[in-house]
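Asks: take this sequence and fold it.
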Amino acid sequence: MLSVLALLFSVVFLTNGAQLKPRFEYKYSFKGPHLVQSNKSIPFWDYGGDAIAGDDNIRLAPSIRSKRGWVWTNQKTNFNQWSIECVFKVTGRGRVGADGLAIWFTEDKGQEGPVFGNQDMWRGLGVFMDSFDNDGQHNNPYIMAMVNDGTQQYDHQSDGSQQQLGGCLRDFRNKPYPVRVKVEYYSKILTVFVNNGLTNNKDDFELCLRQENVNLPESAYFGVTAATGGLADDHDVLAFLTHSLHNKEDQLKNTGCSLDKEFTPANQVPEQDRQKYEKEFDEYYKELETARESFQKQHPGKQPGEFDSMFEAQEDRELRMIFDGQNEMHNTLKELNRKLDELMGRQEMVLSRVSQLTGGNVQVAQGGAAPPLTMDTIKRHEVDQVMNNQMQIMNDARDIKQVVYDVQQRAGQIQGSMSTGGGAQGGGGIPQDIQSIIYKLQENMNFVRSDLANVVNRPQGQMNCPEVQSSCVSPMLFFLAIGLQLFFIVGYMVYRSNKEAQAKKFY
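Replies: So this is what the prediction gives:
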């Protein structure tokens, strides 16, 4: 079905194209390279505002906020039916750009204003490439056409949706190849075609809009403007090509020929001259046949019509073109189907991940078991180190217990000997301050003894290992010490060699 529709559209366009004869108008066109002259001017065009003209293109508005630029023809058109093709690129860093670019056909040259860099309430046609969504309908970038009689004011809040003749949603920002917009006006029919810049094929146009009964000025100026707002893109125009369209019937009428009468040589040449020409033709034809026969006699291996199979007939070429077009459409549909399946698969994957995140559950592996948790286990040498530290602590505790016991025993002996000596001396006793110190010492010894007994008698499973502070030297301190040692060694060797050299001077 798609192939049939494409063939019908191609037949219609070919029929219209066969009736029209375009003529290139160089005074209303420009393209690179060598776009500007030595005085920075463009032949037959004027530019201004923030526009920058280069050898290959015109940058109407750079990627700076609140900039406007324009380029207009010097003179009005002298034809009322035309076809223009504007080649441009709109590039920017952001996901959304602003404001856009416009192609104009107006009675007067535009002045710098708020409508894509041009004044409002113009008289004529404006084709807008709007890249910013002012109305929040998510319908941008958008290409539209609007005709104004000088009384309407462009509605920025709705992006002119209620004032347009028609339009199409086409993304023309950040494309790998230049975007092309072709506008045709013939017999009060306005047609806009768009090449979206995804391929390098210059003739890959798509129909954007077609509107009948469109009244435009018979003579006007062509122009291109661009503007930026809070967001900014680079708006570059690479070429602007203008053709005037002429009907073949009108051209024949202007030359004095009639289409009702069949145009043949017999109706234009007298009978006597016609017979003379026919006689000469017969003579030349006989000479040609004679030369052909002589050539065949001289070259018997070559037969006439031998190379006819190497050439393609007109019918075969047309049929092959139809088949190639259908094959290309078939491949395009297959590619679109593949990309659609890929997008569906990605969408399902994203939905599954979102459902997992919202559910808070961790997906179980396909084997039926959850992935094992990786934990750091204790090593054998660490176990041996802990056991050795525990045994050393117990041995130290026993030694301390024995030392405390000996101290307490000796203190008791001293106290007993002092009490015995005091009784023999007839009532002399230990001073009060020394006796209180001895009592405090005994109490402290008892406390230490009880604590050590608890430590020794504690079950081994309940014993906690004390935290061992690392006595290792940091790498920085280690290398610093090595560096200092090397420095002192080298200095000592230098000092020693100097001393030996000085000592040799005396011998």
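Asks: residues in contact with stretch 35-44?
Replies: 26-28, 30, 53-58, 71, 73-75 (C-beta atoms under 8 Å, 6 or more residues apart in numbering). Just so you know, the C-beta spots here come from the backbone N, C-alpha and C atoms, and that holds for glycine as well.
Asks: now which of these would you call buried?
Replies: Neighbour counting over those (16 or more other C-beta atoms under 10 Å) leaves Tyr28, Phe30, Ala53, Asn57, Ile58, Val71, Thr73 as the buried ones.
Asks: restricted to strands, list those residues.
Replies: Among the buried ones among the contacts of stretch 35-44, DSSP state E puts Phe30, Ala53, Ile58, Val71, Thr73 in strands.
Asks: would you mark the buried spots in stretch 231-250?
Replies: Quick answer for stretch 231-250 (16+ other C-beta under 10 Å): 231-246.
Asks: the buried ones among the contacts of stretch 35-44 into a markdown table, with extra columns for pLDDT and distance to Leu336?
Replies: A markdown table is the format used below for these (pLDDT from 0 to 100; distance: C-beta to C-beta, whole Å):
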| residue | pLDDT | distance to Leu336 |
| --- | --- | --- |
| Tyr28 | 95 | 39 |
| Phe30 | 94 | 37 |
| Ala53 | 93 | 41 |
| Asn57 | 93 | 33 |
| Ile58 | 94 | 36 |
| Val71 | 95 | 38 |
| Thr73 | 95 | 41 |
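Asks: helix, strand or coil: sort out Asp171 for me.
Replies: coil (DSSP: H, G, I helix; E, B strand; the rest coil).
Asks: isn't it up against Pro141?
Replies: Yes - between Asp171 and Pro141 there is a contact under C-beta atoms under 8 Å: 5.2 Å.
Asks: name the nearest of the buried ones among the contacts of stretch 35-44 relative to Ile489.
Replies: Of all the buried ones among the contacts of stretch 35-44, Ile489 sits closest to Asn57, with 71.8 Å by C-beta to C-beta.
Asks: now do the same contact list for the closest one.
Replies: Gly32, Leu35, Lys89, Asp236, Val237, Leu238.
Asks: so which of those residues are in strands?
Replies: Per DSSP E, these map to strands at Lys89, Asp236, Val237, Leu238.
Asks: Asp406: which of these is nearest?
Replies: Using C-beta to C-beta, the ones in strands among the contacts of Asn57 come closest to Asp406 at Lys89, 99.9 Å.
Asks: might you report the residue contacts of the closest one?
Replies: Residues in contact with Lys89, defined by C-beta under 8 Å, 6+ apart, are Asn57, Lys175, Pro178, Val179, Gly197, Asp234, Asp236, Leu238.
Asks: endpoints of stretch 215-232, how far apart?
Replies: 34 Å (C-alpha to C-alpha, to the nearest Å).
Asks: buried ones in it?
Replies: 216-217, 220-228, 231-232.
Asks: run the chain-centre distance for that stretch.
Replies: Chain-centre distance of stretch 215-232: 29 Å, with C-alpha atoms, centre = their mean, to the nearest Å.
Asks: thought Trp45 was touching Gln75?
Replies: No - in this structure Trp45 lies outside contact range of Gln75 using C-beta under 8 Å: 10.2 Å.
Asks: find residues that contact each of the two.
Replies: Contact with both Trp45 and Gln75 is made by no residue, according to C-beta under 8 Å, 6+ apart.
Asks: and stretch 165-185, what's buried?
Replies: 165, 167, 170-173, 175, 177-185.
Asks: how about stretch 392-404?
Replies: Lys401, Val404.
Asks: what's the answer for stretch 319-330, then?
Replies: For stretch 319-330, using 16+ other C-beta under 10 Å, no residue counts as buried.
Asks: quick check: mean pLDDT across it?
Replies: For stretch 319-330, mean pLDDT is 85.
Asks: where in this protein is pLDDT low?
Replies: Scanning the chain for pLDDT under 70 picks out 1-19, 248-269, 301-312, 359-379, 415-435, 452, 455-473, 504-507.
Asks: and the helices in it, which stretches?
Replies: Residue ranges of the helices in the chain, as given by DSSP state H, are 2-19, 248-254, 265-268, 271-298, 314-359, 380-424, 432-457, 475-504.
Asks: redo those as CSV? Include distance to Ser131.
Replies: Shown next, in CSV, are the helices of the chain (distance: least, C-beta to C-beta, whole Å):
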stretch, distance to Ser131
helix 2-19, 28
helix 248-254, 40
helix 265-268, 58
helix 271-298, 65
helix 314-359, 25
helix 380-424, 67
helix 432-457, 82
helix 475-504, 58
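Asks: doesn't Ala61 make contact with Asp236?
Replies: No - with contacts counted by C-beta under 8 Å, Asp236 stays clear of Ala61, the gap being 9.3 Å.
Asks: need the max-distance pair from the ones in strands among the contacts of Asn57.
Replies: Within these, Lys89 and Val237 form the most distant pair, 8.4 Å apart (C-beta to C-beta).
Asks: dump the residue contacts of Tyr26.
Replies: Tyr26 makes contacts with Phe44, as judged by C-beta under 8 Å, 6+ apart.
Asks: which one of the buried ones among the contacts of stretch 35-44 is nearest to Leu343?
Replies: Asn57 (35.1 Å).
Asks: quick one, phi psi at that closest one?
Replies: phi -160, psi 180 (degrees, to the nearest 10).
Asks: measure it to Leu209 for me?
Replies: 26 Å (C-beta to C-beta, to the nearest Å).
Asks: ok, Gly136 next?
Replies: According to C-beta to C-beta, Gly136 and Leu209 sit 23 Å apart.
Asks: compare these two (neighbour count), which wins?
Replies: More crowded of Gly136 and Leu209, by other C-beta atoms under 10 Å: Leu209, with 19 against 9.
Asks: partners of Val237 in the sheet?
Replies: Ile58, Phe88 (DSSP bridges).
Asks: now Arg23
Replies: Beta-bridge partners, per DSSP bridges, of Arg23: Ser244.
Asks: and for it, the neighbour number?
Replies: By other C-beta under 10 Å, the residues close to Arg23 number 12.
Asks: can you put the contacts of stretch 35-44 in CSV and add distance to Ser41?
Replies: Formatted as CSV, those follow (distance: C-beta to C-beta, whole Å):
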residue, distance to Ser41
Tyr26, 16
Lys27, 14
Tyr28, 16
Phe30, 11
Ala53, 8
Gly54, 13
Asp55, 13
Asp56, 16
Asn57, 16
Ile58, 12
Val71, 11
Thr73, 13
Asn74, 10
Gln75, 15
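Asks: tell me which residues touch the closest residue to Val214 other than its chain neighbours, please.
Replies: Spatial nearest neighbour of Val214, excluding adjacent residues (C-beta to C-beta, 6 or more residues apart in numbering): Leu190 at 4.3 Å. By C-beta under 8 Å, 6+ apart, the residues touching Leu190 are Leu125, Ala145, Leu165, Val183, Glu184, Leu209, Arg210, Gln211, Glu212, Val214, Leu216.
Asks: my guess is the last one contacts Phe105. True?
Replies: What that stands for is Leu216. Yes - applying C-beta under 8 Å, one finds Leu216 in contact with Phe105, separated by 6.4 Å.
Asks: list residues touching both of those two?
Replies: Counting by C-beta under 8 Å, 6+ apart, the shared contacts of Leu216 and Phe105 are Gly124, Leu125, Tyr185.
Asks: looking at those, which one is closest to Ser352?
Replies: So of these, ranked by how close each gets to Ser352 (C-beta to C-beta), first place is Leu125, at 51.2 Å.
Asks: any idea what that closest one is bridged to?
Replies: Using DSSP bridges, the bridge partners assigned to Leu125 are Phe105, Val147.
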